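Q: Here is a sequence with its predicted model. Questions after.
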Amino acid sequence: MCIQISAQYVKKLRDKTGAGMMNCKKALRAAKGDMDLAIENLRQQGLASASKKSMRIATEGLIESYIHSGSRIGVLLELNCETDFVARHSEFQSLAKNLAMQIVACTDVEYVCKDDIPNHIIDLEKKIEFSKNDLINKPDSIRFAIVKGRIDKRLKELSLLDQAFIRNPDISIENLIEQKKALLGENIKVRRFQKFILGEGLEKINDFSKEVADILQK
């Protein structure tokens, strides 16, 4: 039976460890709600050691670019860390390359995280969902529950941090960054990115996610 963990309890563990919300939730469930055991589990995974790093200012880093095969889509990404030493580290540079490729592979991604998504975008998505035919004859309580689930799913599709890492789908991009924080000992943040698509807005749309997956298999 799945143990119900409150959002407040998850936040408490996050405040103690600095680990991502989903990591904290999974750790608490695995520990059956035992806070100390959850902290120990996170430390064993190398996630709790990133504690407090998210509060430190990251003003160094690099601008990474990725131009996909055929030069039809490209990405510019700003990835920040705390020192120039870490910015020159191979692990940090590899992370930047992987993130840029991830953005190309995830065609729906437009924002770094869900908190960056403007309210008017969320309101538009809600309007679209509430107007769908399959919800018209359902009771309000059911309609609201279904729409909430669909909106949560849609916001995750738009958020880079919520994506499954294309090189290891068992972890999210947020997990990946937390691991690099623990490894490199510094705060690491994706500040911004911009995607450039050749002929964007025209009728023909290319599936770049499949092409990136093909490249990774080579």
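A: That came through fine.
Q: can you list contacts of the lengthiest helix in the chain?
A: Ranked by residue count, the top helix of the chain under DSSP state H comes out as helix 140-158. For helix 140-158, the external contacting residues (C-beta atoms under 8 Å, 6 or more residues apart in numbering) are 108-111, 114, 117, 121-122, 125-126, 129-130, 135, 138, 162-163. Where C-beta positions appear, they are placed from N, C-alpha and C, glycine not excepted.
Q: change it to 6 Å
A: Residues outside helix 140-158 that contact it (C-beta atoms under 6 Å, 6 or more residues apart in numbering): 108, 110-111, 114, 117, 125, 129-130, 135, 162.
Q: now swap in stretch 20-29 and tell me
A: By C-beta under 6 Å, 6+ apart, stretch 20-29 touches 3, 5, 10, 13-14, 38, 41-42, 47, 174, 178.
Q: quick one: the residue lying farthest from the centre of the chain from Ile146, how far?
A: Largest separation from the mean C-alpha position in the chain: Asn137, at 35.1 Å (C-alpha atoms, centre = their mean). Distance of Asn137 to Ile146, computed by C-beta to C-beta, to the nearest Å: 12 Å.
Q: which neighbours do those two share?
A: Counting by C-beta under 6 Å, 6+ apart, nothing touches both Asn137 and Ile146.
Q: circling back: in ChimeraX, select just the buried ones from the contacts of helix 140-158.
A: What follows is the ChimeraX syntax for the buried subset of the contacts of helix 140-158, where burial is set by 16 or more other C-beta atoms under 10 Å:
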select :110,111,117,125,129,135,162
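Q: Check the contacts of helix 140-158 against Val190 and report the nearest one.
A: Nearest to Val190 among the contacts of helix 140-158 is Tyr111, at 10.1 Å by C-beta to C-beta.
Q: Return the residues in contact with that closest one.
A: 117, 158-159.
Q: what's the answer for Asp84, then?
A: Asp84 makes contact with Glu60 under the criterion C-beta under 6 Å, 6+ apart.
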